[in-house]
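Undergrad: A structural model of the following input is requested.
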Amino acid sequence: MKKQHNLLELFLTFLKIGALTFGGGYAMMPIMRKEVVERKQWADDDDILKILVISESTPGVLAVNSATFIGYKIAGFKGSLVATLGVVIPSFIIISLISLFIVQFQQLTWVAYAFRGIQAGVAVLIFKAAIKLSKKIHFDLFAIIILVSSILFALFSEISVIYALMVGAVLGIIYGSLIQLKEVKADDTHTS
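TA: Residues are numbered from 1 along each chain as shown. All right, here's what the predicted structure looks like:
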């Protein structure tokens, strides 16, 4: 039961998200969640969590992948197109303008300080989004083991974190399959 959404409203929402976000995809997630879940009610927190996981594990920029997936969920192919364009256009314009003056900007000390402040703010936004989204995760022993192992792997290994993501995904599929198999067997013994 997919409700038709106004594509212009979808475009303007993601244009706003793209224009007001500094720091990349993770910094964008709290703003995207507030717009899509709280204000527009186009999705719920479970959808955002799933979209974040899919966006992180597929090739490409997290912000673009997220906008594409959310746009598709909301209004199909046209929705994915306008959401992606909306989130990309502000960055394209800003980077184009900055590239014209980058040499002059690099010389200004206050610009370096401003970017340090933005980095600190982005870290807080990412932490806040992680806390909100972690409330939706079902933590059992398996999830805690994967979480702790991934953190240790990321902190104490020179190997790319992408491998931890891939191993976590494979282990999650295996674990989920084993749980389903166990439930099917339990159902079979109850019906017999």
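Undergrad: domains in this structure, by residue range?
TA: Domain ranges of the chain: 1-137, 138-192, per automatic domain parsing.
Undergrad: lowest average pLDDT across the ones you listed?
TA: The weakest mean pLDDT among the domains of the chain belongs to domain 1-137, with a mean of 81.
Undergrad: and that domain, how far from the chain's centre?
TA: 8 Å (C-alpha atoms, centre = their mean, to the nearest Å).
Undergrad: is it possible to export the domains of the chain to a markdown table including mean neighbour count?
TA: For the C-beta atoms, the positions are set from N, CA and C on the backbone; glycine is no exception. Output for those, formatted as a markdown table (neighbours: other C-beta atoms under 10 Å):
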| stretch | mean neighbour count |
| --- | --- |
| domain 1-137 | 16 |
| domain 138-192 | 11 |
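Undergrad: which residues of the chain fall in helices?
TA: With DSSP state H as the criterion, the chain has helices at 7-20, 25-33, 45-57, 62-106, 109-134, 141-156, 161-191.
Undergrad: want to throw those into JSON lines with distance to Arg39?
TA: What follows is those, written out as JSON lines (distance: least, C-beta to C-beta, whole Å):
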{"stretch": "helix 7-20", "distance to Arg39": "8"}
{"stretch": "helix 25-33", "distance to Arg39": "10"}
{"stretch": "helix 45-57", "distance to Arg39": "13"}
{"stretch": "helix 62-106", "distance to Arg39": "13"}
{"stretch": "helix 109-134", "distance to Arg39": "15"}
{"stretch": "helix 141-156", "distance to Arg39": "30"}
{"stretch": "helix 161-191", "distance to Arg39": "30"}
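Undergrad: quick check: the residue nearest to the spatial centre of the chain vs Leu85, distance?
TA: Geometric centre of the chain, nearest residue: Leu52, 3.4 Å, by C-alpha atoms, centre = their mean. Distance, Leu52 to Leu85, using C-beta to C-beta, to the nearest Å: 21 Å.
Undergrad: in contact with the closest residue in space to Lys16 that isn't next to it in sequence, which residues?
TA: Nearest residue to Lys16 in three dimensions, chain neighbours excluded: Glu35, at 7.2 Å (C-beta to C-beta, 6 or more residues apart in numbering). Listed by C-beta atoms under 8 Å, 6 or more residues apart in numbering, the contact set of Glu35 reads 13, 16-17.
Undergrad: distance of Glu35 from His190?
TA: Taken as C-beta to C-beta, the span from Glu35 to His190 is 45 Å.
Undergrad: now swap in Leu10 and tell me
TA: Distance from Leu10 to His190, counting by C-beta to C-beta: 46 Å.
Undergrad: now swap in Met32 and tell me
TA: 43 Å.
Undergrad: same check, this time on Phe127
TA: 45 Å.
Undergrad: one more: Val61?
TA: Taking C-beta to C-beta, one finds Val61 at 48 Å from His190.
Undergrad: do the same with Ile17
TA: Distance of Ile17 to His190, computed by C-beta to C-beta: 48 Å.
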